[in-house]
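Student: Sequence first, predicted coordinates after that:
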Amino acid sequence: PSSVPSLTPSSQPSCVPSQIPSLTPSLRPSKAPSMDAGGKGKGKGSKSTKTGGKGKGKGKGKGSKSNKTGSIPSHRPSYQPSLVPSLTPSSQPSSVPSQVHCSKASATLVQSSTSINQSINHPLVDLNSLNEFRNVWNNLYGDIYEARYPIMLFGALAAMLVGFVYAQLLRIQYLLGIMIWGSILGSIGIIIGCGAYAFMIANKWSEADPQEKGNNDIIAAKICAYVLWGIGGTITVITIFLRKQIMLSMACVRAACRALSDMPTMIFFPVIQVIGLAAFMLIWLVYAVHLASTGEITKTQLATTLDISVRTYVFDDFTKKCGWYLIFCFFWTVAFIAAMGQIVIAMTVSKWYFTRDKSRLGIFTIFASIIEATRYHIGTAAFGSFIIAVVQMIRAMVSRLQKKARELNNKVGEALLCCCQCLLWCFEKFIKFMNKNAYIQTAIFGTPFCRSAREAFSLIVRNAGKVASISYVSTLVLFVGRIFISSLTTGSAYVYMDHYIGGKLYSTAGPCAVIFFMSYYVGGMFLDIFDMSTSTILQCFVADEEMFDGDENYAEGDLRKWLDDFEEEENRIVAGK
């Protein structure tokens with residue numbers, strides 16, 4: 001075409017370096033003798049590979065025909081003729097020196113070649129990455145679908161079974177003690193060892209000749225060592241003073257294991273909660289989708305060189321208020337379902353504790369607790385969950401303000417809102433802790449929420465050491481339990497899939513990862529019941545200790561032994577005075 005410049009040697013100035021690549025060979029058809037814009041040849045002008053037009057050259061023979069569609073052959077890269085500069089002397093003003101023309105033309109040609117290469121290479125790289133990413137997800141989806149039955153078997157049912165076995169293992173006399181005391185002594189040893197290492201590094205830096213570290217670094221390392229030693233010593237002293245409370249916590253854990261063994265249907269109660277939550281989410285999503293579709297659609301042009309626009313929804317104030325209302329309904333309902341579950345578990349365990357003949361209890365005890373909680377304590381659960389929903393709603397509003405502060409690049413506002421978010425998070429955790437203990441008081445004594453919360457706070461203050469020790473022991477048991485459940489189920493699933501369906505899978509890594517996360521959360525649901533049972537046992541024991549004396553106590557097993565030792569020591573102290 002006429003827009004393509006001539007790059008033949010005869011039309012180039014003599015000062016153009018020979019290293020500049022010629023683009024002529026890549027633009028010619030395989031049989032065309034020439035593609036010069038104005039040069040002469042022996043044949044007629046050949047039809048252009050790009051446009052299919054005729055050349056301007058003259059001659060006697062016939063020229064070869066090109067691709068009729070005007071498209072470039074697939075084995076050759078595409079180019080844009082407008083990017084190739086004209087280097088013919090006739091197109092340059094005569095008043096400009098030839099060397100200036102040559103240098104400018106050379107730079108322009110190199111820049112044009114670079115832009116052509118970039119336009120050729122980038123889409124191919126993106127396409128390959130996209131294909132590779134799509135293949136990975138296709139293989140992962142295919143593996144998950146092929147292993148769907150093992151995933152459900154090991155991720156859900158096997159996880160619950162292993163959790164039940166884990167609860168039975170904790171009833172072994174010395175296993176729980178080794179795990180608890182080993183973790184405490186190991187934590188103290190790690191902290192003191194880190195302090196010794198920091199002190200050794202500080203001495204090594206100070207004795208080096210010449211010193212590579214400054215005095216400030218040496219002093220900071222020594223201060224870090226002293227702080228770690230202080231923390232380790234403090235934990236040691238606290239452990240010595242709370243050794244009896246820790247033994248009581250271990251006894252509560254064993255009692256909770258016995259309760260789960262006597263009433264095994266408790267481990268299936270989270271399934272009822274999940275069904276209720278799923279039913280609510282189905283209705284909530286319908287309302288949320290319909291509300292989201294009421295906005296006005298607007299197009300926004302992206303700030304790019306390409307003509308790309310995206311559609312966004314713009315909502316009026318009433319629709320935004322309805323959205324906030326739906327969010328509050330979500331927070332309140334989720335918290336209410338969790339509160340009802342805590343009350344039911346606490347009622348079931350408290351019945352077990354205050355029943356002398358445990359044989360009268362069984363698989364139907366939890367169903368009786370569900371009926372009683374639904375009949376008498378829905379208001380307690382609704383009020384406690386309302387408080388949590390309000391706090392979560394405030395946190396959601398603060399999060400929206402944080403987003404606006406980031407958009408406005410307001411660093412001071414971001415810092416202040418971040419502090420507010422941290423305080424609200426701590427307050428939410430405190431409210432959940434108090435609600436949990438208030439629900440236990442409601443399950444034991446049948447009192448309303450406010451009175452139960454007041455009594456629970458008073459109990460925590462009177463028995464701070466016992467509550468702190470039971471919290472530590474429960475946290476450790478829950479952590480070890482989750483790792484034990486998820487690791488055992490995932491390992492068993494890998495052996496099963498590798499033996500039976502390994503040849504049908506691209507890789508067992510994807511299904512094993514899904515099973516690990518499923519078993520982790522299913523085990524967490526089971527261990528949440530275990531945690532609630534342990535806390536309920538502790539409050540039942542404290543109430544038993546305060547309300548009954550001697551043989552009238554309901555404590556059994558390790559709890560009874562701990563109570564007898566405590567009373568014996570108390571009598572010895574009184575006799576000594």
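Tutor: Received the coordinates, thanks.

Student: Now do the buried residues in stretch 370-382.
Tutor: Along stretch 370-382, these residues count as buried under the neighbour rule (16 or more other C-beta atoms under 10 Å): Ile370, Glu372, Ala373, His377, Thr380, Ala381. C-beta here means a position set from N, CA and C on the backbone, and glycine is covered the same way.

Student: Select, from those residues, the two members most distant in space.
Tutor: Ile370 and Thr380 (14.7 Å; C-beta to C-beta).

Student: Would you list the phi and psi of the spatially closest residue to Ile246 that is not a sequence neighbour?
Tutor: The shortest distance from Ile246 to any non-neighbouring residue, by C-beta to C-beta, 6 or more residues apart in numbering, is to Ser469 (4.8 Å). Here is the backbone geometry of Ser469 (degrees, to the nearest 10): phi -70, psi -40.

Student: how about the helices in the stretch 251-400 of the chain?
Tutor: Using DSSP state H, counting those that start in this stretch, the helices of the stretch 251-400 of the chain run over 269-292, 317-353, 365-376, 378-407.

Student: which residues are in contact with the third one?
Tutor: Contacts of helix 365-376 from elsewhere in the structure, counted by C-beta atoms under 8 Å, 6 or more residues apart in numbering, are 263, 265-266, 269, 272, 340, 343-345, 347-348, 351-352, 381, 443, 446.

Student: about what we covered before: please produce CSV containing the buried residues of stretch 370-382, extended by pLDDT and distance to Lys321.
Tutor: Shown next, in CSV, are those (pLDDT from 0 to 100; distance: C-beta to C-beta, whole Å):
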residue, pLDDT, distance to Lys321
Ile370, 93, 36
Glu372, 93, 38
Ala373, 93, 34
His377, 94, 32
Thr380, 95, 29
Ala381, 95, 27
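
Student: Do you have the strands of the stretch 151-300 of the chain handy? List them.
Tutor: Taking DSSP state E, counting those that start in this stretch as the criterion, the stretch 151-300 of the chain contains strands spanning 296-301.

Student: Where does pLDDT dip in it?
Tutor: Applying pLDDT under 70 to the stretch 151-300 of the chain picks out residues 173.

Student: Quick check, Lys504 in contact with Glu146.
Tutor: Yes - contact between Lys504 and Glu146 holds when scored by C-beta atoms under 8 Å: they sit 5.4 Å apart.

Student: More neighbours: which of the two?
Tutor: Glu146 (16 against 11; other C-beta atoms under 10 Å).

Student: residues in contact with Ala438?
Tutor: Thr380, Gly384, Phe449, Ser452, Ala453, Ala456.

Student: just Ile485 next, same as before
Tutor: By C-beta under 8 Å, 6+ apart, the residues touching Ile485 are Ala159, Val162, Gly163, Tyr166, Ser519, Tyr520, Val522, Gly523, Phe526, Leu527.

Student: what's the angle between whichever helix or strand the fifth one is part of and helix 317-353?
Tutor: Assigned by DSSP states H and E, Ser519 belongs to helix 509-547. Regarding helix 509-547 and helix 317-353, their directions subtend 60 degrees when assessed with axes from the mean of the first three to the mean of the last three C-alpha atoms, to 10 degrees.

Student: Let's test this: mean pLDDT of helix 509-547, rounded?
Tutor: Taken as a whole, helix 509-547 carries a mean pLDDT of 85.

Student: What's the local residue count around Pro448?
Tutor: Neighbour number of Pro448 under other C-beta under 10 Å is 14.

Student: which one is it nearest to, not counting chain neighbours?
Tutor: Take Pro448 and drop its neighbours on the chain: the residue closest to it by C-beta to C-beta, 6+ apart is Thr380, 6.3 Å away.

Student: Next, find the distance separating the one you found from Thr365.
Tutor: 20 Å (C-beta to C-beta, to the nearest Å).

Student: how far away is the residue nearest the centre of the chain from Val314?
Tutor: The centroid of the chain falls nearest to Phe517 when counting by C-alpha atoms, centre = their mean (11.2 Å). Taking C-beta to C-beta as the measure, Phe517 falls 38 Å from Val314.

Student: what separates the residue nearest to Ile246 from Val253, distance-wise?
Tutor: Plainly put, Ser469 is 11 Å away from Val253 if you go by C-beta to C-beta.

Student: now swap in Glu132 and tell me
Tutor: Glu132 sits 50 Å away from Val253, taking C-beta to C-beta as the criterion.

Student: Which one's more surrounded, the two?
Tutor: Using other C-beta under 10 Å, the more surrounded residue of Glu132 and Val253 is Val253, with 26 against 9.

Student: Not counting its neighbours along the chain, what's nearest that one?
Tutor: In space, and not counting its chain neighbours, Val253 is closest to Thr534: 5.6 Å by C-beta to C-beta, 6+ apart.

Student: quick one, what contacts the one you found?
Tutor: For Thr534, the contacting residues are Ser249, Cys252, Val253, Ala256, Ile470, Val473, Ser474, Val477, by C-beta under 8 Å, 6+ apart.

Student: Next, count neighbours for Met160.
Tutor: Neighbours of Met160 under the rule other C-beta under 10 Å: 20.

Student: That one touches Ser519, doesn't it?
Tutor: No - here Met160 does not reach Ser519: they are 9.2 Å apart, not a contact under C-beta under 8 Å.

Student: Just give the number of residues close to Tyr521.
Tutor: 15.

Student: got it, and the one 4 residues further on?
Tutor: As a burial measure, the neighbour count of Met525 was computed by other C-beta under 10 Å and equals 18.
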